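>>> structure, please.
(one chain, ligands or ions: 1)
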Amino acid sequence: MGQGRRMKKQGVPPPLDESLVTRKRKDAPAAQVEERGKKRKVVGKDTSKAPRKAPLPKARKVKPPPPPSDDDSSDEDLDLANGAFSDADSDGIDDPDVMEDGLGGVNVTSLDALGSASDSDELDDDEFPDSGSDVVDSDTEVRKAGMWSEDEDEDDVEEKLTAANIEGLSRKLDMQQAIEDAQAQAELEEAAMQTNIAGDKPKILEGDEEEDAPITTLAAQDLQLLRTRLSDTIRVLDDMSLAEEGRSRSEYRAQMLKDICAYYGYSEYLGDKLLSLFSPREAFAFFEANETPRPVVIRTNTLRTHRRELAQALIQRGVQLEPIGKWSKVGLQIFESSVPLGATPEYLAGNYILQAASSFLPVMALAPQENERVLDMAAAPGGKTTHIAALMKNTGCIFANDSNKQRAKGLIGNVHRLGVKNVIVCNYSALEFPKVLGGFDRVLLDAPCSGTGVIAKDASVKTNKTEADFIKLPHLQKQLILAAIDSVDSKSKTGGYIVYSTCSVTVEENEQVVQYALNKRPNVRLVETGLTFGKEGFVNYMGKKFTPHMKLTRRYYPHAFNVDGFFVAKFKKIGPTPPNAVGANGTSNQNGISHSDQQAQEEIIDRTPIVEDGDKSDSDFGDWDDEEDAKYMERAERNQLRRKGKNPKAEPRKDKQGQNGVDKDVETKTRSVDGESSKKADRSAKSNSLNGKVGAADVKPATRNGGRKGKSKK
Ligand SMILES: C[S@@+](CC[C@H](N)C(=O)[O-])C[C@H]1O[C@@H](n2cnc3c(N)ncnc32)[C@H](O)[C@@H]1O
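Residues are numbered from 1 along each chain as shown. Got it, this is the predicted structure:
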């Protein structure tokens with residue numbers, strides 16, 4: 001970020017109001033008036049420019065996102081089958097391979113963080129003391145109140161920081177004045193438009209022949225006219241008494257979709273999908289917010305330093321910054337910097353990481369504890385892994401996995417730079433878990449997704465996401481979430497939690513995935529995320545009904561909170577995965593349940609090792625003989641019946657079984673081999689798995705060998 005570039009203050013916005021609709025774009029005279037009697041909200045960056053008049057959609061190019069964020073765009077085309085496709089990582093995390101200039105390309109944002117009235121009860125001024133303010137102002141009293149978290153001393157260091165910031169604050173004042181002048185002008189324009197509408201029904205819809213014309217024919221239209229029509233259409237959709245004679249709501253909605261797609265450059269498919277998430281008015285605010293970058297944020301690495309020390313050091317280097325809000329004790333929002341944030345001595349020393357504010361949220365929801373075993377299933381480039389490590393104070397053990405080897409290298413880089421010592425990096429498809437390892441206290445699944453929450457960062461999402469993506473991605477996410485659940489130890493003394501997150505706002509990738517998990521795994525419950533802000537997940541959406549507990553999930557939108565679009569759900573595992581549950585990859589869960597859950601299912605799961613053809617007979621289990629083999633086969637058949645939902649006891653029984661149809665010999669042998677609750681055996685099994693050997697959890701389902709009869713392994 002160079003001199004003169006500033007970002008709008010991060011924080012919780014005021015409620016959405018009428019003025020949103022006619023708010024001018026960042027390059028047009030801008031104005032937004034908050035509720036009457038309140039301070040005006042600033043919305044524009046360069047308010048002096050004339051309205052843009054360029055063909056669409058080219059003219060709608062979004063400013064490039066902050067370059068240092070990540071290398072995710074390169075992954076957009078990765079193959080789904082490889083499990084390493086479009087993840088549109090929202091994290092804005094610095095990747096050592098691509099980091100050059102921490103803030104290059106960041107411009108003053110025009111985004112006035114628009115909110116929805118429905119949030120107002122969740123967000124109080126205590127939590128977000130700056131929420132009533134607009135662009136950063138110089139009211140140091142207000143700023144003082146919420147600048148540092150309670151755990152930090154309010155001493156004279158703060159005054160020094162404020163003094164060091166004074167230059168930036170004075171520039172902010174100048175900017176505010178300029179914006180307010182433009183605001184007045186915009187208000188006049190708006191008033192004129194309102195008068196027109198009030199006096200007459202706006203002529204919006206065209207003749208039938210033009211209505212069916214493809215969206216591209218709108219490209220040549222004047223942008224300002226298009227925008228005005230959008231505003232008018234939203235007014236009509238808000239109040240259908242303004243509609244022209246004989247015109248239906250769906251016609252106006254269709255017109256709005258066309259105009260949104262033309263104005264902002266979305267494919268009709270994605271435009272429709274996103275429009276459906278909101279009221280027309282809020283949708284407009286969402287599309288608008290996607291046109292401006294989110295604030296640049298750094299996360300203090302508390303393994304190396306404290307936020308206050310870091311802030312001091314950076315301010316001395318000419319960085320204008322502030323804490324991002326009381327909800328985080330480690331985030332700093334950068335307003336302006338005369339030095340590249342990805343190359344400061346503090347950066348190189350691992351004192352901070354560039355990370356979007358929304359990326360803090362899943363880790364905060366996960367709430368990892370010291371000395372736990374945690375799995376980060378899709379971890380690269382490691383923003384969340386390193387945050388987890390910091391919260392765990394480098395104790396316990398984090399398995400940070402990513403299926404993309406290249407990205408995993410970036411993860412390793414960040415782990416080293418930030419001084420993280422409790423991480424083991426793995427490179428599996430997460431679908432392989434818990435076969436690789438299980439029994440975790442907590443699992444984070446920050447899933448690969450379509451990236452519809454980070455369009456401001458990657459505008460290609462507007463056009464490159466197809467219907468097929470919204471089938472394939474949710475399918476993968478559903479498989480991954482089952483793997484995540486099955487990897488958790490339901491008997492964990494400190495945890496037993498799973499957090500699912502995406503940087504997408506679509507229901508297919510969020511509520512539907514969560515509902516799928518709840519349907520397939522009755523042994524999990526949705527629980528509070530513990531996050532202090534965010535909108536509730538959908539309980540109903542376009543005729544689909546979800547569990548009322550879906551309200552416990554949290555949605556984040558750029559227009560509502562000035563953060564990337566995000567979704568966070570937290571589950572508690574309350575019991576072992578049922579034996580007949582189908583795991584990730586569609587396999588029987590005998591291959592996919594965690595070790596501790598296997599213990600709980602000892603009575604009904606056949607975990608007897610079946611040696612593959614060609615294996616030698618010198619297994620731990622000794623030689624097999626016909627008689628012994630027959631017992632195993634019988635038991636396998638019983639388990640197969642159970643998986644089909646049949647009662648094996650009701651089926652004709654074979655010889656050599658104990659009472660209740662349970663073969664006591666086999667039970668005893670299974671226990672002694674697998675060690676039951678023995679941690680030692682657990683560890684040994686896990687290390688075998690990691691070494692590519694067959695561990696206790698790797699035993700193939702007996703049904704797979706159903707055709708094998710008689711002598712098998714001699
Ligand atoms: C949203 S990004 C993760 C960002 C990361 N959690 C962070 O905070 O830095 C999604 C990641 O999922 C990885 N991925 C995609 N498919 C996967 C799979 N089947 N198993 C494991 N990782 C996968 C991608 O390579 C990508 O790094």
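>>> C-alpha only now, for contacts and for neighbours.
Noted.
>>> could you list the low-pLDDT ranges of the chain?
1-200, 207-221, 585-714 (pLDDT under 70).
>>> now do the helices in the stretch 451-600 of the chain.
461-464, 469-486, 511-520, 558-561, 595-600 (DSSP state H, counting those that start in this stretch).
>>> helix 511-520 and the second one, what's the angle between them?
What that stands for is helix 469-486. 40 degrees (axes from the mean of the first three to the mean of the last three Cα atoms, to 10 degrees).
>>> helix 469-486 near the ligand anywhere?
No - residues of helix 469-486 are not located near the ligand by Cα under 6 Å from any ligand atom, the shortest gap being 7.1 Å.
>>> quick one: the strands in the stretch 201-350 of the chain?
For the stretch 201-350 of the chain, the strands defined by DSSP state E, counting those that start in this stretch occupy 296-300, 319-323, 331-337.
>>> with just CA atoms, put the last one into PDB.
What follows is the C-alpha trace of strand 331-337 in PDB, where atoms were taken according to Å, rounded to 0.1, in the frame of the first residue of the first chain:
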ATOM      1  CA  GLY A 331      -6.100  -8.800  14.300                       C
ATOM      2  CA  LEU A 332      -4.900  -5.400  13.000                       C
ATOM      3  CA  GLN A 333      -6.500  -3.600  10.200                       C
ATOM      4  CA  ILE A 334      -4.000  -1.800   7.900                       C
ATOM      5  CA  PHE A 335      -5.200   1.500   6.500                       C
ATOM      6  CA  GLU A 336      -2.100   2.700   4.900                       C
ATOM      7  CA  SER A 337       1.500   1.600   4.600                       C
END
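>>> that one: partners in the sheet, and parallel or antiparallel?
Here strand 331-337 is paired, per DSSP bridges, with strand 296-300 (antiparallel), strand 319-323 (antiparallel).
>>> for those strands, which one sits closest to Val443?
strand 296-300 (21.5 Å; Cα to Cα).
>>> returning to what we had before: including mean neighbour count, could the strands paired with strand 331-337 go into TSV?
TSV is the format used below for these (neighbours: other Cα atoms under 10 Å):
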stretch	mean neighbour count
strand 296-300	27
strand 319-323	25
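>>> save those as a markdown table, and put in distance to Ala484 too.
What follows is these, written out as a markdown table (distance: least, Cα to Cα, whole Å):
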| stretch | distance to Ala484 |
| --- | --- |
| strand 296-300 | 26 |
| strand 319-323 | 33 |
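>>> let me know which of these is the nearest to the ligand.
strand 296-300 (12.2 Å; Cα to the nearest ligand atom).
>>> hmm, that closest one touching the ligand?
No - no part of strand 296-300 sits near the ligand under the criterion Cα under 6 Å from any ligand atom; the closest distance found is 12.2 Å.
>>> could you export that strand as PDB, CA atoms only?
Output of strand 296-300 as PDB, limited to C-alpha atoms (Å, rounded to 0.1, in the frame of the first residue of the first chain):
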ATOM      1  CA  VAL A 296      -6.200  -5.600   4.600                       C
ATOM      2  CA  VAL A 297      -5.800  -7.400   7.900                       C
ATOM      3  CA  ILE A 298      -2.800  -9.000   9.600                       C
ATOM      4  CA  ARG A 299      -3.000 -11.500  12.400                       C
ATOM      5  CA  THR A 300      -0.400 -11.100  15.200                       C
END
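>>> from Val297, how far off is Met240?
42 Å (Cα to Cα, to the nearest Å).
>>> following the record's annotation, map out the domains of this structure.
Listed by automatic domain parsing, the domain ranges of the chain are 19-64+133-289, 357-573, 602-705.
>>> do a quick rundown of the strands in the stretch 401-550 of the chain.
423-426, 442-446, 497-502, 524-527, 535-536, 540-541, 544-545.
>>> packing partners for the fifth one?
This means strand 535-536. strand 554-556 (3 or more Cα pairs under 8 Å, 6 or more residues apart in numbering; DSSP states H and E).
>>> go with 10 Å
Packing partners of strand 535-536 (3 or more Cα pairs under 10 Å, 6 or more residues apart in numbering; DSSP states H and E): strand 554-556, strand 566-573.
>>> would you turn those into TSV with distance to the ligand?
Listed next are the helices and strands packed on strand 535-536 as TSV, based on distance: least, Cα to the nearest ligand atom, whole Å:
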stretch	distance to the ligand
strand 554-556	15
strand 566-573	11
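>>> need these in JSON lines with mean neighbour count, can you?
Listed next are the helices and strands packed on strand 535-536 as JSON lines, based on neighbours: other Cα under 10 Å:
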{"stretch": "strand 554-556", "mean neighbour count": "25"}
{"stretch": "strand 566-573", "mean neighbour count": "26"}
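>>> just name the most buried of the helices of the stretch 451-600 of the chain.
Ranked by mean neighbour count under mean count of other Cα atoms under 10 Å, those are led by helix 558-561, which reaches a mean of 28.
>>> please export the C-alpha coordinates of that helix as CSV.
What follows is helix 558-561, C-alpha atoms only, in CSV (Å, rounded to 0.1, in the frame of the first residue of the first chain):
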residue,chain,number,x,y,z
PRO,A,558,-19.2,-8.5,2.6
HIS,A,559,-22.0,-5.9,2.6
ALA,A,560,-23.1,-6.7,6.1
PHE,A,561,-19.8,-7.0,7.9
